[in-house]
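Novice: Coordinates only, no sequence provided:
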């Protein structure tokens, strides 16, 4: 049966999260006078991401709320467990100001959404919260491209659990075999979507995993320019050179 809808990841799929996070954290630490404590901005960012991954795993396992994992990220990063919730929230809000100033879509996003607008329905499934992703998509000017935005914090289940993907399919009133999922993480998105029975499209923008064909049922692409061909869409989507 033909693919009728595309579910999208947001961070590092539609939105250049890595670049914004790097620029935002560096600007934030400079403004806070805290950069020297981490050596370089890259070392600080690597430390922040390790903590973020660990705290997100707690949230995904139901061991912390979305707000708790965010606050504990700040306490761990600053090595200050005594900080109050108000202190951590204020620090994180200041960071968000720098981070949001660097928000941008990848250049291949609008062309592919335009190309597929008439042929496919579109929705978002993210391991975040609706508050965060709705705000982000509106700021980036693409919220109206998606029928619905579904997030782990509200669903109560995170990718790569099949229940997360199936919940999104139920909202769309489509079977998993009628839905494609596009995301940047080879396991959480790529293997997770395939395991849930969706058409799995894993975008490897940096091309770090060329030749990775492990039988996981994933279609690996390096640009969204390749997506219409995988979906079998009858569009006039341009070649990758269109985005230069």
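Specialist: Right, received. Where do you want to start? The structure presented is a predicted model; accordingly, all values stated were derived computationally and were not measured. Numbering: from 1, shown residues only.
Novice: how about residue 126, what does it touch?
Specialist: Counting by CB atoms under 8 Å, 6 or more residues apart in numbering, residue 126 touches 9-11, 133, 149-152. (Glycine included, C-beta is placed from N, CA and C.)
Novice: Run through the helices of this structure in chain order.
Specialist: 17-32, 41-60, 66-78, 85-100, 109-116, 130-139, 152-155, 162-172, 192-195, 227-231 (DSSP state H).
Novice: Go through those and pick out the most buried.
Specialist: Ranked by mean neighbour count, the helices of the chain are led by helix 192-195 with a mean of 24 (mean count of other CB atoms under 10 Å).
Novice: quick one on the thing from earlier: single out whichever of the contacts of residue 126 has the smallest pLDDT.
Specialist: Minimum pLDDT for the contacts of residue 126 is recorded at residue 152 (93).
Novice: Phi, psi for the closest residue in space to that residue that isn't next to it in sequence please.
Specialist: Once flanking residues are discounted, residue 152 sits nearest to residue 158: 4.0 Å by CB to CB, 6 or more residues apart in numbering. Dihedral angles of residue 158 (phi, psi; degrees, to the nearest 10) stand at phi -110, psi 150.
Novice: on that earlier part again, out of the helices of the chain, nearest to residue 203?
Specialist: helix 227-231 (8.4 Å; CB to CB).
Novice: what's the angle between the lowest-mean-pLDDT helix or strand in the chain and helix 85-100?
Specialist: Lowest on mean pLDDT, DSSP states H and E among the helices and strands of the chain sits helix 41-60, with a mean of 89. Helix 41-60 runs at 120 degrees relative to helix 85-100, counting by axes from the mean of the first three to the mean of the last three CA atoms, to 10 degrees.
Novice: counting contacts, what elements does helix 41-60 pack onto?
Specialist: helix 17-32, helix 66-78, helix 152-155 (3 or more CB pairs under 8 Å, 6 or more residues apart in numbering; DSSP states H and E).
Novice: again, 6 Å this time
Specialist: Contacts defined by 3 or more CB pairs under 6 Å, 6 or more residues apart in numbering; DSSP states H and E place helix 41-60 against helix 17-32, helix 66-78.
Novice: Can you add distance to residue 143 and give those back as a markdown table?
Specialist: Shown next, in a markdown table, are the helices and strands packed on helix 41-60 (distance: least, CB to CB, whole Å):
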| stretch | distance to residue 143 |
| --- | --- |
| helix 17-32 | 17 |
| helix 66-78 | 20 |
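Novice: Out of those helices, which is closest to residue 47?
Specialist: helix 66-78 (6.7 Å).
Novice: still on that earlier bit, from the contacts of residue 126, which is closest to residue 166?
Specialist: Comparing the contacts of residue 126 against residue 166 with CB to CB picks out residue 150 as the nearest, at 11.1 Å.
Novice: Verify the stated contact: the closest one with residue 168.
Specialist: Yes. Counting by CB atoms under 6 Å, residue 150 touches residue 168, with 5.1 Å between them.
Novice: Would you mind measuring from residue 9 to residue 164?
Specialist: Plainly put, residue 9 is 11 Å away from residue 164 if you go by CB to CB, to the nearest Å.
Novice: now do residue 4
Specialist: Distance from residue 4 to residue 164, by CB to CB: 19 Å.
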